[in-house]
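1. When you get a sec, could you give me coordinates for this:
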Amino acid sequence: MGRRWPSIGAAKQPEVQAVQADRLSVCLAPLLQQVRFGPKDGRPGRREHHKFGAADRKGTYYYRFHKLIGKANWRKYTERYIAPRAVENRQRWIPTPWPTWTQSKHAHSWNWRLPKGLAAATSADEVLEVWVQFRHKHPKRTFHYFKVLKRLTDVGGCERTDWRLRFITSRLRKIHRKVLNLPRLAKYYAELKCIDEMEHVSRFLRKMLPKYTSHQLVLVAHAFAIAKLQDKHMMEEVARLVEPQLSEITPLEMVRLAQAFASTEVCHYTLLGQISAQAQVRVQQASEGQGLPGSCPSFLQLAELAEAFAQLKFQDYSFLEMASFQAAALLREGRAGPTPPALALLCRACARLKVHEVQLFEAVLAHVSEHWYDYPASCLADIGLALAPVMPTSEPVMDVYRRMLSQIRQDRDTLSLRQVGTAVRFMAEVDHKGEFMPGLAQVLARRLMDLRDETKECYDVARVAEIFSRRCPEEHALFSTLCRHLHRHLGFFEPVDFVRFARGLAAAEYRDDRVAHALPKWAEKRLREFSPHDWDSFLTSMSRLGTSAEKLSQLRDSGPAPPTEPATFSGGQAARAALAARSTQAEREAVAS
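-> Model prediction:
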């Protein structure tokens, strides 16, 4: 029912008027006394109290010039404020939400000043300083982070422990799940050696792999190859997803895919076989004039594929036969393609896989004999080391070897540590008695000593020590350098390397107590990898280096049993004793018969 309102002209009753008068008297009393009810937390008053707390609490008095100074009591505060002259400066500063056009432009100018500064930077410090200059500008989009990471990789990168790089990656880590182009981000992280960030990105990469194209899948594998990060599950998924799309990828991506599995040491022979077949099909189509432009791999890319196969011990005879046929045909016709580095790479791959492509080796030797001046010393060393154990030692072949070693001797200043080791091994394969080219061993020894302060490059230090112990055992400085270089190689020594270095150092005149202590310690960690002959030979060499009898007895007890059969490659005491016993037994049987 509706409410009934009294008529306008109706007179009020006396009782109602008395009640209203009482209520009015009650409401007027607080108004006349100016009493303020409500909380004293600052909300009804000034805004400073709302921000900084109530005014009657100790230590939270608000500054009358609208600026909070400190958190302590103001009892000992000394006023040092000088009031400005203008009346306008004494007023409260109230920010306006409507800036001028100049102010707005300056506030947004970082959007083009940051990319401009990154593009103008030519060193890692300049790139990082530009980012730090605009570190407080927000919101930064994903492409801002991609720009700074790309520029860092373009200028050569920086130390991964740099606080500025960690500042960038810490902000980017929070939005990894939002980034669309995760393969590209993983590649930047790999080139900057941000392994922790790359592992965090891989969490989101796994879920997105089925949605990526073949090019992005190859980029993911390439990123893991750069970082040398072995993630078998990730590589297996990439192989499974990219197999049906191999016909879509470019020759460069094909090479990168094979190199990725080689660098991460993931042996996926099914995928490698399909990559080999795809390369052979494209070469055949290009020879028939049916292939698409840019789809056929170049000779250098074929050599790089062969090197990747060699690292994974994948013997594909059809692929190597096709590559050797291409090299021989191109060299015979004088066409572009087989450069000295590419030929050296292909020969080295064949040697590592123990595939004797005589047609390729003969064509390369013939080309070297005519154009030896076009080959760098490092390429000559690689080619010689691959060909010398296989090719016959006829006089024409030895003449080519002599010319190659002479060129290596002239250009020895261009050799690195690994290349010096390759040249020394090539020399040992050709010159067994040191009469083939006198003085070459001393020249290479001086080059190795010039590089004695190189602390990162790895080479076959065990084989080099064994070779130099036969040619210049009196060079104390040389073997001191080799002993210095030994310690960074012990982590990945194989049993044959322990045997070779111990044998070489025992044959030299130089002694190093640290090496004599380190070799048995590291050899014990790989005890199960040693054969009886290798372990016996190693202990024999250590006894000549001055290892105590107690230590040798302990090593013999912990290692494999002494060999009962002689071995031609072993120089151990037990092997020689077994050989002597066997010959004595044979003599007795002959006399008895």
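
2. list the contacts for the most centrally placed residue in the chain?
-> By C-alpha atoms, centre = their mean, the mean C-alpha position of the chain lies nearest to residue 227, the distance being 3.1 Å. Listed by C-beta atoms under 8 Å, 6 or more residues apart in numbering, the contact partners of residue 227 are 189, 190, 193, 195, 198. From N, CA and C alone the C-beta is placed, and that goes for glycine too.

3. Show me how to select, in PyMOL, the buried members of the residues you listed.
-> One line in PyMOL is enough to select the buried ones among those; burial here means 16 or more other C-beta atoms under 10 Å:
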select buried, resi 189+190+193+198
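
4. Can you show me the helices along the stretch 251-400 of the chain?
-> Secondary structure of the stretch 251-400 of the chain (DSSP state H, counting those that start in this stretch): helices at 251-263, 269-287, 299-311, 317-333, 340-352, 358-370, 377-387, 395-410.

5. any idea which of those is most buried?
-> Across these, the average number of neighbours (mean count of other C-beta atoms under 10 Å) peaks for helix 377-387, which reaches a mean of 25.

6. Quick one: list the elements packing against that one.
-> Judged by 3 or more C-beta pairs under 8 Å, 6 or more residues apart in numbering; DSSP states H and E, the packing partners of helix 377-387 are helix 340-352, helix 358-370, helix 395-410, helix 417-430.

7. now the first one: how far from the chain's centre is it?
-> The reference is to helix 340-352. 24 Å (C-alpha atoms, centre = their mean, to the nearest Å).

8. which residues are contacting it?
-> Residues contacting helix 340-352 (C-beta under 8 Å, 6+ apart): 299-300, 302-304, 306-307, 309-311, 320, 323-324, 327, 356-357, 360-361, 364, 367, 374-376, 378-379, 382-383, 385-387, 389-390.

9. go on, the second one?
-> For helix 358-370, the external contacting residues (C-beta under 8 Å, 6+ apart) are 323-325, 327-328, 331-332, 338, 343, 346-347, 350, 375, 380, 383, 386-387, 390-391, 397, 399-400, 403-404.

10. Of all the helices and strands packed on helix 377-387, which one comes closest to residue 464?
-> Among those, helix 417-430 comes nearest to residue 464, with 5.1 Å by C-beta to C-beta.

11. and stretch 491-508, average pLDDT?
-> Average pLDDT, stretch 491-508: 94.

12. List the buried residues of that stretch.
-> Buried residues in stretch 491-508 (16+ other C-beta under 10 Å): 493, 495-506, 508.

13. now stretch 518-538
-> Here stretch 518-538 shows 519, 520, 522, 523, 530, 532, 533, 534, 535, 536, 537, 538 as buried, counting by 16+ other C-beta under 10 Å.

14. ok, and the closest non-adjacent residue to the fifth one?
-> So the one you mean is residue 530. What sits nearest to residue 530 in space, not counting adjacent residues and going by C-beta to C-beta, 6 or more residues apart in numbering, is residue 495, at 4.6 Å.

15. Okay, that neighbour and residue 166: tell me how far apart.
-> Here the criterion is C-beta to C-beta, to the nearest Å. By it, residue 495 lies 41 Å from residue 166.

16. same check, this time on residue 139
-> Distance from residue 139 to residue 166, by C-beta to C-beta: 21 Å.

17. re earlier: Throw the helices and strands packed on helix 377-387 into a markdown table and include distance to residue 284 and mean pLDDT, thanks.
-> Below are the helices and strands packed on helix 377-387 laid out as a markdown table (distance: least, C-beta to C-beta, whole Å; pLDDT from 0 to 100):
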| stretch | distance to residue 284 | mean pLDDT |
| --- | --- | --- |
| helix 340-352 | 19 | 95 |
| helix 358-370 | 18 | 93 |
| helix 395-410 | 33 | 93 |
| helix 417-430 | 34 | 94 |
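
18. JSON lines please, covering these and showing distance to residue 436.
-> Formatted as JSON lines, the helices and strands packed on helix 377-387 follow (distance: least, C-beta to C-beta, whole Å):
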{"stretch": "helix 340-352", "distance to residue 436": "21"}
{"stretch": "helix 358-370", "distance to residue 436": "17"}
{"stretch": "helix 395-410", "distance to residue 436": "7"}
{"stretch": "helix 417-430", "distance to residue 436": "6"}
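
19. Go through those helices and name the closest to residue 181.
-> Nearest of the helices and strands packed on helix 377-387 (C-beta to C-beta): helix 340-352, 32.3 Å.
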